[in-house]
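J.: take a look and give me a structure for this.
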Amino acid sequence: MEQSVSGSLSWTCPSCGRRVPRRVSECRCGFRQADGAADAPFTAAPSEPAPAPKPSGSSHLTLTAIVVIVAAGIAGVFLFRQAPPVSEPAERPSPIAQAPPPVANAPITAGAPDDSAPATTAAPTFAVPEPVPAAAAASLEDVVSRILPAVASITAGQSRGTGFFIRPDQVLTNAHVVQGQSSVALQVGSRTYNARVVSVSQGSDLALLHVAGADPNQPVLTMGSAASARVGQEVIAVGSALGVLSNTVTRGIVSALRQVGGITLIQTDAAINPGNSGGPLVDRTGAVIGVNSLAVAAQAGQGLAFAVAIDHATDLLNGQISTGSATPLTALTRAINGASEADMARAKGEQSYAQVLEWADRNGAQLDAYWEKYAPSCVATARRSGDRPWFAVFEANGVTINATSSLDCQSWLDTLQSNAAPIRAAVESAGEAARKQGVYPGVLRDLRRKHRMNWSGWDR
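T.: Residues are numbered from 1 along each chain as shown. This is a model prediction of the structure:
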């Protein structure tokens, strides 16, 4: 069936069936009407397909453009796949904290990266910081200036010496400086303190003092260790030379480390004069490695001075008191040229006194049990003034009997007194003999403490 279309409005393309305005002679599919055909009426396309028109010049152009566009797209995809992504680096750098191992024969330059340098495609590297150099040793003057405020001159009866603060209220010195004294006087700069002798270790020749009314801001010295001392290293000794020249400083080296009688001694050529005893021997950092104790007489040797290793002071602070029969001085004297007659007499007296105390300790243990068994029933009051409760019988009216007890308490007290009397007599006699032989009072006290035989009456 034919379909008429107004010739004044449009015409129907016999190739694709589109309606084309009459003023346009060519359809978009490429079909072109013959000249003048647009003005003539036409019919719709028949049911059988018309043969495809031959492409005109413009259709060739369109096909060529499509081919070019497709080829360009393929090339772009290929190039896009080959190019590295811009947003992600090819290799992520390791954290700075994990420094890469050094490359052989490649110098490593420390310092900040140069922002002006051109970028490269090489893997990024990080500047390795130079090792931090060890702190430069303080000058001798600086070390000494830190030490002096912590060093004190000591007056102990007729004795003069030196000590140094290890805590604001504690001073360390030699035992022979405070020998026989329970309290001493300290001079620190322009200030004077009283100090109590709280602990003495005769075997290591060290003593600990407690300062009354100490300044909480008092400078103190750091305790090092003789284990770190090396032969040849520089050391500084500070003390009150001759007992009157306070804050005297001498310098030397560690000459040797010696074990004498179980005590470690630091041998030095730093001058240690009378009055220097008890002062600190410090290294170049200002740490105390020894306590100046003694010097060999000039006729015996030049530049021979000794300090007790500070490590023995740690034992003293922990309550480990050495009560050996030989002091560092006597042990060293024997090591050098044998003991003198006075040293031998002193050692013999100390040994004899220790034997008597051992006997008194054994017998005193029996009286301890006798007291503990009956004292709860028989004793009304007791004046205890020593290590053992039955020492009260040594005091006048030291024990008051319980009159209401059912026991014969007077007989018990008489038995206790008769057995305690020989112990008292033996200890007093041995103590007097030891003092005549030159045994130091501090040594006697330490031995009595060791055997639980301390009583205030022994020193009356």
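J.: where does pLDDT dip in this protein?
T.: 1-8, 34-137, 241-244, 295-303, 320-343, 460 (pLDDT under 70).
J.: select the longest strand from it.
T.: strand 245-260 (DSSP state E).
J.: what segments of this structure are helices?
T.: 57-82, 140-147, 311-317, 328-337, 341-378, 409-436, 441-450 (DSSP state H).
J.: please name every helix or strand in contact with the third one.
T.: With contacts defined as 3 or more CB pairs under 8 Å, 6 or more residues apart in numbering; DSSP states H and E, the secondary structure elements packing on helix 311-317 are strand 191-201, strand 206-211, strand 263-268. Backbone N, C-alpha and C define where each C-beta goes, glycine included.
J.: now distance to residue 155 too, for those strands, in CSV please.
T.: Formatted as CSV, these follow (distance: least, CB to CB, whole Å):
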stretch, distance to residue 155
strand 191-201, 9
strand 206-211, 12
strand 263-268, 26
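J.: nearest to residue 311, out of those strands?
T.: Nearest of the helices and strands packed on helix 311-317 to residue 311, taken as CB to CB: strand 263-268 at 6.6 Å.
J.: elements contacting that closest one?
T.: strand 234-241, strand 245-260, strand 288-295, strand 305-309, helix 311-317, helix 328-337.
J.: number of residues surrounding residue 428?
T.: 14 (other CB atoms under 10 Å).
J.: try residue 182
T.: 13.
J.: surely it meets residue 198?
T.: No. Counting by CB atoms under 8 Å, residue 182 sits too far from residue 198 to count as a contact (9.5 Å).
J.: wait, residue 281 sits on residue 306?
T.: No. In terms of CB under 8 Å, residue 281 does not count as a neighbour of residue 306; the distance is 9.5 Å.
J.: which one of the two is surrounded by more residues?
T.: Of the pair residue 281 and residue 306, residue 281 is the one with more neighbours under other CB under 10 Å, namely 32 against 25.
J.: got the contact list for that one?
T.: Contacts for residue 281 (CB atoms under 8 Å, 6 or more residues apart in numbering) come out as 235-237, 266, 268, 270, 288-292, 307.
J.: just give me the closest of those to residue 451.
T.: Nearest to residue 451 among the contacts of residue 281, with distances taken as CB to CB, is residue 291, at 27.5 Å.
J.: any idea how far that closest one is from residue 311?
T.: 10 Å (CB to CB, to the nearest Å).
J.: looking at those two, which one has more neighbours?
T.: residue 291 (28 against 17).
J.: ok now do that one, which residues does it touch?
T.: Going by CB under 8 Å, 6+ apart, residue 291 touches 172-174, 205-206, 278-281, 307-308, 310, 313.
J.: returning to what we had before: and the longest strand of the chain, what other elements does it pack with?
T.: Applying 3+ CB pairs under 8 Å, 6+ apart, one finds that strand 245-260 contacts strand 151-156, strand 234-241, strand 263-268, helix 328-337.
J.: and the chain, what are its domains?
T.: Using automatic domain parsing, the domain parsing of the chain gives 1-68, 140-337, 341-459.
J.: and these, which is most packed in?
T.: domain 140-337 (a mean of 19; mean count of other CB atoms under 10 Å).
J.: list the neighbouring strands of the longest strand of the chain plus their orientation.
T.: Paired neighbours of strand 245-260 in the sheet (DSSP bridges): strand 234-241 (antiparallel), strand 263-268 (antiparallel).
J.: among the ones you listed, which comes closest to residue 390?
T.: So among the strands paired with strand 245-260, strand 263-268 is nearest, using CB to CB, at 37.1 Å.
J.: what angle sits between the closest one and strand 305-309?
T.: Orientation check (axes from the mean of the first three to the mean of the last three CA atoms, to 10 degrees): strand 263-268 against strand 305-309 gives 140 degrees.
J.: on that earlier part again, got the contacts of residue 291 as a markdown table, with distance to residue 455 columns?
T.: Converted to a markdown table, those look like this (distance: CB to CB, whole Å):
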| residue | distance to residue 455 |
| --- | --- |
| 172 | 28 |
| 173 | 27 |
| 174 | 27 |
| 205 | 26 |
| 206 | 25 |
| 278 | 29 |
| 279 | 35 |
| 280 | 36 |
| 281 | 38 |
| 307 | 36 |
| 308 | 31 |
| 310 | 34 |
| 313 | 29 |
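J.: looking at the residues you listed, which two lie furthest apart in space?
T.: Largest pairwise distance in the contacts of residue 291, by CB to CB, is 14.6 Å, between 205 and 280.
J.: isn't residue 267 right up against residue 306?
T.: Yes. Counting by CB under 8 Å, residue 267 touches residue 306, with 5.7 Å between them.
J.: what's the overlap in contacts for the two?
T.: Shared contacts of residue 267 and residue 306, defined by CB under 8 Å, 6+ apart, comprise residue 258.
J.: show me what contacts residue 233?
T.: Applying CB under 8 Å, 6+ apart, the residues contacting residue 233 are 253-254, 283-284.
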